[in-house]
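J.: Could you look at this predicted model? Sequence included:
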Amino acid sequence: MVSRRQILVAECQQILASGNKCRAIALRGKSYCQHHAPARRRQVPRRNRVRTTALLGPVPEITSREEIQQMLTQTVNALADGSISVYRAQVLVTTLQTLAKTF
C-alpha cells in the first residue's frame, strides 16, 4: 500500500546552467515544467516608443510664476491627450514645483 507521503511527482528534466537539475513540477504527461517546455511561447521584448511632442524639446527659460503656470497647463494638457507619459509629466510637475519655490 502506498501512503500519501510516497506519491511521486514528476520533476522537470531540465539541467540548469549551474549543472543542477530543475526541481519544478513537470507538466502533466510531459518531461519539463512550464518554464522549460520546448513548446513554451517566448515573448518578444516590446520596442520603446517615443512620442513626439513640444514638451520633449528643451524647456524654455522660466523667469516668472506665470510661465510656470503656463508650463503646468501644457503638461496637464499633454498628459490628458496622451502625448506624454505619466512618468514624464510627474518629472515635469515636480521640477516646476521646485522651480516655483525659488520665486
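T.: That came through, no problem.
J.: List the contacts of Ile82.
T.: Rather than Ile, residue 82 is Gly. Listed by CB atoms under 8 Å, 6 or more residues apart in numbering, Gly82 has no contact partners. From N, CA and C alone the C-beta is placed, and that goes for glycine too.
J.: try Met71
T.: Here Met71 is in contact with Val59, Ile62, Leu92, Leu96 (CB under 8 Å, 6+ apart).
J.: Could you tell me which of those count as buried?
T.: Ile62, Leu92, Leu96 (16 or more other CB atoms under 10 Å).
J.: and the second one, that one's in a strand?
T.: No: for Leu92, which was evaluated using DSSP: H, G, I helix; E, B strand; the rest coil, the result is helix, with no strand membership.
J.: Closest to Gln34 out of the buried ones among the contacts of Met71?
T.: Taking CB to CB as the measure, Leu92 is the one of these closest to Gln34, at 42.1 Å.
J.: Nearest to Leu8, out of the contacts of Met71: which one, please.
T.: For these, the nearest to Leu8 is Leu92 (59.2 Å; CB to CB).
J.: The closest one - nearest residue in space that isn't next to it in sequence?
T.: In space, and not counting its chain neighbours, Leu92 is closest to Thr75: 4.8 Å by CB to CB, 6 or more residues apart in numbering.
J.: so how far is Ser85 from the one you found?
T.: Note on Thr75: its distance to Ser85, by CB to CB, to the nearest Å, is 11 Å.
J.: Looking at the two, which is more packed in?
T.: Shown here are Thr75 and Ser85; by other CB atoms under 10 Å, Thr75 has more neighbours (20 against 13).
J.: Surely the more buried one touches Ser83?
T.: No: between Thr75 and Ser83 there is no contact under CB atoms under 8 Å: 10.4 Å.
J.: Tell me the predicted confidence for Lys21.
T.: Per-residue confidence (pLDDT) for Lys21: 93.
J.: List the residues that contact it.
T.: Counted by CB under 8 Å, 6+ apart, Lys21 has contacts Glu11, Cys12, Gln13, Gln14, Ile15.
J.: okay if I get the residues you listed as JSON lines plus distance to Met71 and neighbour count?
T.: Output for the contacts of Lys21, formatted as JSON lines (distance: CB to CB, whole Å; neighbours: other CB atoms under 10 Å):
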{"residue": "Glu11", "distance to Met71": "59", "neighbour count": "15"}
{"residue": "Cys12", "distance to Met71": "55", "neighbour count": "21"}
{"residue": "Gln13", "distance to Met71": "59", "neighbour count": "13"}
{"residue": "Gln14", "distance to Met71": "54", "neighbour count": "17"}
{"residue": "Ile15", "distance to Met71": "57", "neighbour count": "11"}
